[in-house]
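# Sequence and computational prediction follow.
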Amino acid sequence: MIRKRNVLLILCVLTKAVLYSDDTNEETLNRLLKDAVTISVHSRIVIHDSEDYWESDLKKVTIPGRTVTLIFETENEKLSIELTPFKIDEESYMLTAMSNFWREAIDGVQFRSSFKSINLQLEELILFYPLGLKTQEALTGGSLYMELGIKIIPFEREKEISE
C-alpha cells in the first residue's frame, strides 16, 4: 500500500513539472516557426522528351525531422514519396527521399522502392526522378518519366515573400 502511494506521489510530481514548464504556448510556437521550413515541389510528367503532359506545384510546411508525404495515383498505379529534411546547420540540410511505386498489371502487382539522401543548401533546386528514366521506360515501353524539382525554403522567408 505504501509503495503504491509513493509511486502515485512521484507520478503527480512529474506531471506537475511537465504541466508547469517555463515555456508558454506562444514561446513554443515561435521556436517551432523559427525552425520550420517549406518544402516546395514542382512535379511534372514528360512524354517523348518534349511535351509536358502534366504539371503541379505544391508547398508543404514542416519542421526538421518530420516527413512530408506526396501521393500520386491513377487507376492502376500509385506513387508515394516521403521527403524528410534534417538540419545540418543554418544554411544546409540533408533531404531524404523514399519512393514506393505500385502498378497493377495483368500478371500481378509490380512494386519498386528507392531511398536517396542528398545534402543541399537552402533554396537550392534539386531534381528527383522517383521512378528513374530507365525504370519508367521499361514499365511503359515508351519515353515517359516523372520529374520533381525540390527546394527547401525557411518558412519565415517564404512567409515574407507571400505577404
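Sure thing, it's come through. Numbering: from 1, shown residues only.
# give me the element residue 156 is part of.
helix 155-162 (DSSP states H and E).
# tell me the domain boundaries of the protein?
Under the assignment automatic domain parsing, the domains of the chain span 2-31, 36-162.
# Among those, show me which one is buried the most.
With neighbours defined as mean count of other C-beta atoms under 10 Å, the domains of the chain peak in mean count at domain 36-162, which reaches a mean of 14. Yep, even glycine has a C-beta here, placed from its N, CA and C like the rest.
# Tabulate the domains of the chain (a markdown table), appending mean pLDDT.
As requested, these are arranged in a markdown table below (pLDDT from 0 to 100):
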| stretch | mean pLDDT |
| --- | --- |
| domain 2-31 | 61 |
| domain 36-162 | 83 |
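# my guess is residue 123 is in a helix, correct?
No - counting by DSSP: H, G, I helix; E, B strand; the rest coil, residue 123 is not found in a helix; it is coil.
# if I pick it, what's in contact with it?
Going by C-beta atoms under 8 Å, 6 or more residues apart in numbering, residue 123 touches 151-153.
# from those residues, which single one is nearest residue 113?
residue 152 (23.2 Å; C-beta to C-beta).
# so the closest one is in which element?
Assigned by DSSP H and E, residue 152 falls in strand 144-154.
# Okay, now the sheet partners of that strand, with direction.
If you go by DSSP bridges, strand 144-154 pairs up with strand 37-47 (antiparallel), strand 126-128 (antiparallel).
# So which of those is nearest residue 65?
Across the strands paired with strand 144-154 (criterion: C-beta to C-beta), the nearest stretch is strand 37-47, sitting at 10.9 Å.
# Check what contacts that closest one and list those residues.
Contacts of strand 37-47 (C-beta under 8 Å, 6+ apart): 52-64, 68, 70, 72, 83, 85, 93, 142-155, 158.
# Can you show me the strands along the chain?
Ranges of strands within the chain are 37-47, 51-62, 68-73, 77-89, 92-105, 108-121, 126-128, 144-154, based on DSSP state E.
# Redo those as TSV? Include distance to residue 27.
Below are those laid out as TSV (distance: least, C-beta to C-beta, whole Å):
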stretch	distance to residue 27
strand 37-47	20
strand 51-62	19
strand 68-73	25
strand 77-89	20
strand 92-105	24
strand 108-121	29
strand 126-128	34
strand 144-154	19
